[in-house]
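> Based on what follows, work out the 3D shape:
(chains A and B)
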Amino acid sequence: MGETSGLTVTQDPAGRGGVNADDRAAALLAAIVASSDDVILSKTLEGSITSWNPAAERLYGYSAAEIAGKSASVLFPADRAGELLEMLERIRRGERVEHYETVRVRKDGGLVPVSVSVSPIFDSAGTIVGASSIARDLTAQKGAAAVLAASEERFRCDVECLLDPLFIFKPIRDAAGRITELEFRYLNEAGLALYGMSREEVIGKGQLELFPSARDAGIFDAYVQCIETGTPGRFEVPSFDENGVEGAFELAFFPGDEGIVVTARDVSAVVHAQAEVRSLNAELEQRVVARTEELERSNRDLEVANEGLGASNRELEAFSYSVSHDLRAPLRAIHGYSDILVTEHAGQLDSDGTALLGRVQANVEKMSKLIEDLLTFSRIGRQDLRVGPTAMGPLVRSVLAELEEIELDRSVATTVGVLVDAACDRDSIRQVWVNLLANAFKFTSSRPGAEVWVDSEVVGDEVVYRVRDNGVGFDMAYAGKLFGVFQRLHGVEFPGTGIGLAIVKRIVARHGGRVDASGEIDRGACFTFTLPIHPHHTTEDSHVS
Amino acid sequence: MSVDHVGEAVPEPVEILLVEDNPDDADLTMRAFARQKLTNRVVWVKDGAEALDFLFATGEYANRNGAAQPRVVLLDLKLPKIDGIEVLRRIRANEATATLPVVVLTSSTQDIDRDAAWREGTNSFVCKPVEFAEFQRVVTELGMYWALINRPPIATALTVPA
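Numbering: from 1, shown residues only, chains lettered A, B, ... in the order given. Have a look, this model is predicted:
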């Protein structure tokens, strides 16, 4: 049967060189078949392959020698076996099969999409003797189409899944070419939900037809401008929710194939947040104004109070001055004249009279000392503190040296421990040490082995200073009275004005510190006071003197 | 011995001008001077205005020889009419008395007074002690020093006989 086909020899085009025209035509045809990119093969009416061009070998993997005489059914996938029989049947009836897309199996078992055309082969007597088949590899086309389809599908899904509404409009133009309407071509689900309409109610309708207000709102003109200029744009339009609360949509649009693509985003939350910020700002401003007024009022009150305070301070100043100056003059006169009586009129006085004048003078001296202490006490409350780093060790030793100078006739063993530096007004803290140490000396004066200890320790951000003695001590029941003005726990055996500890308390309090005392009758006393620690405090090695 | 207030009959030359409003203080001061035989040429004036009249030979002292100035002025601060600081200021402001030795002798122990007196050009600042023995010692030493030991400036010295 192969011999009956003019297409038998395909591997040997123009082989031996024909002698007549028929031979030459056959050779030319064979050359075309051999160089074709399309698969060209022929088979008998029973399906046996009779010819096989190089393209067939490239596509299906079989060589011509290998496939010759084999049934074409090897090229058909199992599920398409019927296709071959049906095709052969149509060929027998003299029919053609044109551009029929199907799938074939390669020698390696892989499937390949092809487009096939099959035609009957007639012999010289006009009898159908076989079928010729031309197949084109569709792999490349099928791949691109699949990618495109998948991409389109994904895009459609993306657009449908968008939470933001998306519309596509097509411009409708009048005879003059002016855009008179925008036709809804597409809306995603979010777009339909926004309008509360079905796709059928919207698609094909005009924007102005459905929403005439789009023109007054300026939306229509903005879209038209976008289409005419090919420039993307943005537009914010106010909106109202079901409760009538004002919000806004932000429209973003850009030119597309059909006309214009528009996305809308509900920016009501942003608008509400901005409104809230504005309202909060206004409220804040209101409060600032109110608070400022309040502060100004307070300031005026303070100024008035300050003026009052300044006035009473000035009065106090004047009072102190007067006490200092005027109270002393009569004392001096009393003292002076009683002295003159004793010295210049001794002859007219008996011993009792002289003694009485001595008492007058002693009282004058006491009063003078009281005035002096009171003035000191009052001055401490008013004077400015000059706070600075103060080396406590040298300060305490200088005070002790002074006291020892005064009390040369007795021996007091003093022990100075660690003394931490503090931030304080040196002069007034010196007064504190003088008063405390003088007390310690005074109340140990009746002791044969008088001892005084001084030390300090850091507690938190404070320094606690301590002065202890082994003197007569005091009853703790009266500890609360110790630091009061004119409070004295002892009689004439320990002279004093009762102001020394009050001065100590006032100075320490002005430094932000506290004073404390503990003691026991006949077992000594311990006085402590605190001061803020100096930031770069140093401590000295303890030493005993 | 008490001191009478001197009006017209001013002893010449005056060695000490005592400006003191309190008669007791003045008396005690004069007594202290007296114990040291220093009273001869002391003049006591009882307020600031009178002190200035004396120094500038005006008012009731118009007949006084204004060129003859004391060797020292003992000046209280709290004075009637014109207070001590103002008296001091005027003494220093006047060419004739600018270098006149002035000692502030006061009951005040107030820092503010001390500052003011030094700022206005006092030559010394002394607090009057209440105790008489101490008072006497202070006043005596002042008198001895300023009237006898100290050598005043030329303008003042000219008024003192050699």
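> List the contacts of the nearest residue to A:Gly513 once chain neighbours are set aside.
Leaving aside its sequence neighbours, A:Gly513 sits nearest to A:Thr530 (C-beta to C-beta, 6 or more residues apart in numbering or on different chains; 4.1 Å). From N, CA and C alone the C-beta is placed, and that goes for glycine too. By C-beta atoms under 8 Å, 6 or more residues apart in numbering or on different chains, the residues touching A:Thr530 are A:Val459, A:Glu462, A:Val463, A:Val464, A:Tyr465, A:Val508, A:Gly513, A:Arg514.
> again, 6 Å this time
A:Glu462, A:Val464, A:Gly513, A:Arg514 (C-beta atoms under 6 Å, 6 or more residues apart in numbering or on different chains).
> How about A:His325?
If a contact means C-beta under 6 Å, 6+ apart, then A:His325 has B:Lys78, B:Ser107, B:Ser108 as its contacts.
> and of the contacts of A:Thr530, the nearest to B:Glu15?
Nearest to B:Glu15 among the contacts of A:Thr530: A:Gly513, at 54.3 Å, using C-beta to C-beta.
> about what we covered before: name the helix or strand for the residue nearest to A:Gly513, please.
Element membership of A:Thr530, judged by DSSP states H and E, is strand A:525-532.
> ok, how many other residues are close to the residue of the stretch 1-150 of chain A at minimum distance from chain B?
Closest residue of the stretch 1-150 of chain A to chain B, C-beta to the nearest C-beta: A:Ala150 (99.7 Å). Per other C-beta atoms under 10 Å in any protein chain shown, the neighbour tally for A:Ala150 reads 10.
> Which strand or helix spans it?
Here A:Ala150, judged by DSSP H and E, is contained in helix A:139-161.
> Neighbouring strands of the helix or strand following that helix in the sheet, and parallel or not?
Sequence-wise, the next helix or strand downstream of helix A:139-161 (DSSP H and E) is strand A:166-173. The strands beside strand A:166-173 in its sheet (DSSP bridges) come out as strand A:179-187 (antiparallel), strand A:260-266 (antiparallel).
> right, and out of the contacts of A:Thr530, which lies closest to chain B?
A:Gly513 (24.4 Å).
> Tell me who's in contact with A:Val261.
Residues near A:Val261 by C-beta under 6 Å, 6+ apart: A:Ile168, A:Phe254.
> coming back round to it: for the contacts of A:His325, please prepare CSV with the additional fields secondary structure.
CSV is the format used below for the contacts of A:His325 (DSSP: H, G, I helix; E, B strand; the rest coil):
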residue, secondary structure
B:Lys78, coil
B:Ser107, coil
B:Ser108, coil
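> Also near chain A: which of those residues, exactly?
B:Lys78, B:Ser107, B:Ser108 (C-beta under 6 Å from any C-beta of the partner chain).
> still on that earlier bit, how about the strand holding A:Thr530: buried residues?
For strand A:525-532, the buried set under the neighbour-count rule, 16 or more other C-beta atoms under 10 Å in any protein chain shown, comprises A:Ala525, A:Cys526, A:Phe527, A:Thr528, A:Phe529, A:Thr530, A:Leu531.
> of the contacts of A:His325, closest to A:Ile179?
B:Ser108 (103.1 Å).
> hmm, which two among the buried residues of strand A:525-532 are most spread apart?
Within these, two members stand farthest from each other by C-beta to C-beta: A:Ala525 and A:Leu531, at 20.2 Å.
> re earlier: which of the ones next to chain A among the contacts of A:His325 count as buried?
Using 16+ other C-beta under 10 Å as the burial test, the ones next to chain A among the contacts of A:His325 include B:Lys78, B:Ser107, B:Ser108 as buried.
> Would you mind giving the residues you listed as TSV with pLDDT added?
Converted to TSV, those look like this (pLDDT from 0 to 100):
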residue	pLDDT
B:Lys78	85
B:Ser107	82
B:Ser108	77
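> for the residues you listed, which one is nearest A:Tyr60?
Nearest to A:Tyr60 among those, counting by C-beta to C-beta, is B:Ser108 at 132.0 Å.
> What residues does chain B have near chain A?
Contact residues (C-beta under 6 Å from any C-beta) of chain B with chain A: B:Asn22, B:Asp24, B:Leu28, B:Lys78, B:Ser107, B:Ser108, B:Thr109, B:Gln110, B:Val130, B:Glu131, B:Phe132.
> Turn the buried ones among those into a named ChimeraX selection, would you?
Here is the ChimeraX command that selects the buried residues among the residues of chain B next to chain A (16+ other C-beta under 10 Å):
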select /B:22,28,78,107,108,109,110,130,131,132
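> Now, the residues of chain B next to chain A that are in helices?
Residues of these located in helices (DSSP state H): B:Asp24, B:Leu28, B:Phe132.
> Poorly predicted segments of chain B, please.
By pLDDT under 70, the weakly predicted segments of chain B are B:1-14, B:39-40, B:154-162.
> For the nearest residue to A:Ser268 once chain neighbours are set aside, list each beta-bridge partner.
Nearest residue to A:Ser268, sequence neighbours excluded (C-beta to C-beta, 6+ apart): A:Gly247, at 2.6 Å. Beta-bridge partners recorded for A:Gly247 (DSSP bridges): A:Ser239.
> wait, isn't A:Gly247 in contact with A:Ser239?
Yes - using C-beta atoms under 6 Å, A:Gly247 is in contact with A:Ser239, at 4.9 Å.
> Would you mind listing what in the stretch 1-150 of chain A touches chain B?
Close to chain B, as judged by C-beta under 6 Å from any C-beta, the stretch 1-150 of chain A has no residues.
> Name the surrounding residues that touch stretch A:426-443.
A:390, A:395-396, A:399, A:403, A:407, A:412, A:452, A:467, A:469, A:471-472, A:494, A:500, A:503-504, A:507, A:527.
> average model confidence for that stretch?
With pLDDT averaged residue by residue, stretch A:426-443 scores 91.
> Tell me the buried residues in it?
For stretch A:426-443, a neighbour-count test (16+ other C-beta under 10 Å) marks A:426, A:428-443 as buried.
> since we're on the residue of the stretch 351-500 of chain A found nearest chain B, how many residues are nearby?
Closest to chain B within the stretch 351-500 of chain A is A:Ser368: 4.1 Å, counting by C-beta to the nearest C-beta. When neighbours are defined as other C-beta under 10 Å, A:Ser368 has 18 of them.
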